[in-house]
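Peer 1: Quick one: sequence and predicted model below, then my questions.
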Protein chains: 2
Amino acid sequence: MELKEIGEFGFIERFAPEFKTLLSKNVMGIGDDCAILPMNENSDLLVTTDMLIEEIHFLRDKITPWQLGYKSVAVNLSDIAAMGGTPLGTFLSIAIPPGISVEYLDEFMNGYHAISDNYETPLYGGDTTRSVKHLAINVCAIGKCPKGEARLRRNAKTGDLICVTGNLGDSAGGLQSMLSQLKTSEDIEYLLQRHHLPEPQMKAGQTLLGFSGVHAMLDISDGIASDLVHILKASKKSAHINLEKLPLSDPLKRVCELQNWSPEELASGGGEDYELLFTLAPEQLNDLQKAFSSRVGKPFYVIGEIENGEPVIQWYKNGQKVAFSKAGFNHFQE
Amino acid sequence: MELKEIGEFGFIERFAPEFKTLLSKNVMGIGDDCAILPMNENSDLLVTTDMLIEEIHFLRDKITPWQLGYKSVAVNLSDIAAMGGTPLGTFLSIAIPPGISVEYLDEFMNGYHAISDNYETPLYGGDTTRSVKHLAINVCAIGKCPKGEARLRRNAKTGDLICVTGNLGDSAGGLQSMLSQLKTSEDIEYLLQRHHLPEPQMKAGQTLLGFSGVHAMLDISDGIASDLVHILKASKKSAHINLEKLPLSDPLKRVCELQNWSPEELASGGGEDYELLFTLAPEQLNDLQKAFSSRVGKPFYVIGEIENGEPVIQWYKNGQKVAFSKAGFNHFQE
């Protein structure tokens, strides 16, 4: 059988149940942004890992080594943020093909160091090796979270508001601009920056952790059309999304208008925004909005609601139900 | 500058100092088999990670997927063993090229599950993605160790005996048999088994942890000619190795005689034995040998002694000093 017939998640579902028998209680294994393990009286340990493969996740002539080093850490710290955690450190495995210079690697490590410094997250170790042709990078990040407080995907409640911490679609707009070889402009530079240098929403995640009404949370890596379904399946709920509520940046709106692209498709089906998506008991909306603005320095956005029903998203635009087939990026089905 | 000019360790030395400023006290970062972090009152947290890249670390037609799954975990658990730790779990990142079937992956996961089961070590999570051409596997393992007890590379003392937990050179003999396309035999099958299915010396490491005279420890992944030097550099010591004391299996001796290979070269310069090397205060030799035999079910072997001096190995054979240039495998210098 070809892997593309079952996809990435189909593969995981084949072996995950067999490993569950090895798990002890109070442990969260496969199935959330991070694994959660008991650490000490006050904290749980969070662990996450992400692989970036040349020509699959990045093109070496389209992203600078500094950006690549930064992004390799950012996508992992984003998973720590999605639990409401605090990062403790990272581990870097890197497989280096012939033709990559020491200067390229120095720049890569400079970007890696910059984000490590920003989030006070040391590099604790790793593995350095050769590869035949493609650069392969794996970062494993560990973090901690107050005991029992990490926000899982499975806790969404009927009636919860569905919220996101920032603009959606910028990264997909940047990617599409790059692949379409659009002539550069200030707007396109902004989108490319959002694509190459995602910022983990660490302070947002930690602020959300302080509110008991924040029930389920994850980071948006594949696009809400795909990521929200993880919450719906884990929580056995349905959702209603109002497309006109998706927060869009002005640069994205302008580039989409010029290029005749659908900003709603990019915002819902495109990945790598690395904003957080969370579900919230509506009675805490006002208090959280105030606390969030004051601590994070920006608002969050309500884009829909959790409902009873099948784990699918009902899409609405200005009150009208719409069909919306653009699925999130599946690594095995181009 | 080409990477091969400075090698893997030269690259690490370029960035490691800059990251040291981010480390807090009571933390061991880059430079040992595992990183060590504070976990709770009783235990330290151990973390290690290893990458296996197709055509660099394995050939897909020479190792079965079951063996590859087993080995991917084994090489990481070996690092936990080298600290005297107990494994807690693993994280698997896998980048899968077109043409790898679901059946291949099922077998890979069966091997991964078998060793996870043997060492009661759950798979907690990971990342599954595509690659263009080569299979790339990264495993990150976490473990624990009684607080402050992990055995570091930097603690070897002058006068310590240098010991290894089992036969050396079998894995290199298996690799050389495979690359030389030798006709199979019972002996060669034994060597291939040792190459493809290394066993982490977990019980050995845990037993050694109970003896205060065990000062420095690591696992033999690149060969003692290279690995022992890590201990010498970290401890600022020299060493004297008696080549005739290197423990050799009967199959290795017989294959070497038939092929006119030097078993001492394979045993000192060849990698991937995944036995432990440790240094031991001589007054504990008898007690440890008894405890080790009774708990691990095999003896360990004294192969030399730690001395004052430059961090190099002095090689001796039957009391005569010999030149021995065969260096351990350096990933960037073939």
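Peer 2: Good, I have the coordinates.

Peer 1: rest of the way, CA atoms for contacts and neighbours
Peer 2: Noted.

Peer 1: Could you list every helix and strand in contact with the helix or strand of chain A with the lowest mean pLDDT?
Peer 2: Lowest on mean pLDDT, DSSP states H and E among the helices and strands of chain A sits helix A:3-20, with a mean of 83. Applying 3 or more C-alpha pairs under 8 Å, 6 or more residues apart in numbering or on different chains; DSSP states H and E, we find helix A:3-20 packed against helix B:102-118, strand B:123-130.

Peer 1: so the shortest one versus helix B:102-118, what angle?
Peer 2: It refers to strand B:123-130. Interaxial angle, strand B:123-130 versus helix B:102-118 (axes from the mean of the first three to the mean of the last three C-alpha atoms, to 10 degrees): 160 degrees.

Peer 1: Residues touching strand B:123-130, excluding its own?
Peer 2: Applying C-alpha atoms under 8 Å, 6 or more residues apart in numbering or on different chains, the external contacts of strand B:123-130 come out as A:8, A:19, A:28-31, A:34-35, A:48-51, A:53, A:56, A:331-332, B:89-98, B:116.

Peer 1: Recalculate using a threshold of 7 Å.
Peer 2: Strand B:123-130 is contacted by residues A:8, A:19, A:29-30, A:35, A:48-51, A:56, A:331-332, B:89-97 when judged by C-alpha atoms under 7 Å, 6 or more residues apart in numbering or on different chains.

Peer 1: do the same with the longest one
Peer 2: For helix B:102-118, the surrounding residues in contact (C-alpha under 7 Å, 6+ apart) are A:Met1, A:Glu2, A:Leu3, A:Phe15, B:Pro65, B:Trp66, B:Gln67, B:Leu68, B:Gly69, B:Tyr70, B:Val73, B:Pro122.

Peer 1: excluding its backbone neighbours, what's nearest the fifth one?
Peer 2: Leaving aside its sequence neighbours, B:Pro65 sits nearest to B:Phe108 (C-alpha to C-alpha, 6 or more residues apart in numbering or on different chains; 4.5 Å).

Peer 1: and what of the third one?
Peer 2: Of all residues not flanking A:Leu3 in the chain, B:Val102 sits nearest, at 5.3 Å (C-alpha to C-alpha, 6+ apart).

Peer 1: what's the burial count for the one you found?
Peer 2: The local packing of B:Val102 (other C-alpha atoms under 10 Å in any protein chain shown) involves 19 other residues.

Peer 1: and the helices and strands packed on helix A:3-20, which is most packed in?
Peer 2: Greatest average neighbour count among the helices and strands packed on helix A:3-20 goes to strand B:123-130 (a mean of 24), per mean count of other C-alpha atoms under 10 Å in any protein chain shown.

Peer 1: and that strand, which strands flank it?
Peer 2: strand B:86-96 (parallel) (DSSP bridges).

Peer 1: A:Lys321: what's it in contact with?
Peer 2: Applying C-alpha under 7 Å, 6+ apart, the residues contacting A:Lys321 are A:Trp315.

Peer 1: What confidence value was assigned to it?
Peer 2: Confidence at A:Lys321, expressed as pLDDT, is 89.

Peer 1: Helix, strand, or coil at it?
Peer 2: The three-state assignment at A:Lys321 reads strand, by DSSP: H, G, I helix; E, B strand; the rest coil.

Peer 1: Okay, it and B:Gly31: tell me how far apart.
Peer 2: A:Lys321 sits at a distance of 58 Å from B:Gly31 (criterion: C-alpha to C-alpha, to the nearest Å).

Peer 1: what's the answer for A:Glu149, then?
Peer 2: 34 Å.

Peer 1: that older thread, of all the helices and strands packed on helix A:3-20, which one is nearest B:Leu277?
Peer 2: helix B:102-118 (22.4 Å; C-alpha to C-alpha).

Peer 1: how big is the angle separating that closest one from helix A:3-20?
Peer 2: Using the same axes, to 10 degrees: helix B:102-118 against helix A:3-20 is 10 degrees.

Peer 1: Output helix B:102-118 in PDB, but only the C-alpha positions, please.
Peer 2: Output in PDB follows, covering the C-alpha atoms of helix B:102-118 (Å, rounded to 0.1, in the frame of the first residue of the first chain):
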ATOM      1  CA  VAL B 102       2.900   1.200   4.500                       C
ATOM      2  CA  GLU B 103       4.000  -2.400   5.100                       C
ATOM      3  CA  TYR B 104       7.600  -1.200   5.400                       C
ATOM      4  CA  LEU B 105       6.600   1.400   7.900                       C
ATOM      5  CA  ASP B 106       4.500  -1.200   9.800                       C
ATOM      6  CA  GLU B 107       7.500  -3.400  10.100                       C
ATOM      7  CA  PHE B 108       9.700  -0.400  11.200                       C
ATOM      8  CA  MET B 109       7.100   0.400  13.900                       C
ATOM      9  CA  ASN B 110       7.000  -3.300  15.000                       C
ATOM     10  CA  GLY B 111      10.800  -3.200  15.600                       C
ATOM     11  CA  TYR B 112      10.400   0.200  17.400                       C
ATOM     12  CA  HIS B 113       7.600  -1.300  19.500                       C
ATOM     13  CA  ALA B 114       9.600  -4.400  20.400                       C
ATOM     14  CA  ILE B 115      12.500  -2.500  22.000                       C
ATOM     15  CA  SER B 116      10.100   0.000  23.600                       C
ATOM     16  CA  ASP B 117       8.400  -3.000  25.200                       C
ATOM     17  CA  ASN B 118      11.700  -4.600  26.300                       C
END
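
Peer 1: who has more neighbours, A:Glu149 and B:Gly31?
Peer 2: B:Gly31 (18 against 15).

Peer 1: quick one: that one is in a strand?
Peer 2: No: according to three-state DSSP, B:Gly31 belongs to no strand; its state is coil.

Peer 1: can you count the residues close to the nearest residue to A:Gly213 once chain neighbours are set aside?
Peer 2: Nearest residue to A:Gly213, sequence neighbours excluded (C-alpha to C-alpha, 6+ apart): A:Ala281, at 4.8 Å. Residues within reach of A:Ala281, counting by other C-alpha under 10 Å, total 20.

Peer 1: can you check the one 4 residues further on too?
Peer 2: When counting by other C-alpha under 10 Å, one arrives at 16 neighbours for A:Leu285.

Peer 1: Near chain B, which residues of the stretch 51-200 of chain A? Just list them.
Peer 2: A:51, A:53, A:55-56, A:93, A:101-103, A:109, A:120-132 (C-alpha under 7 Å from any C-alpha of the partner chain).
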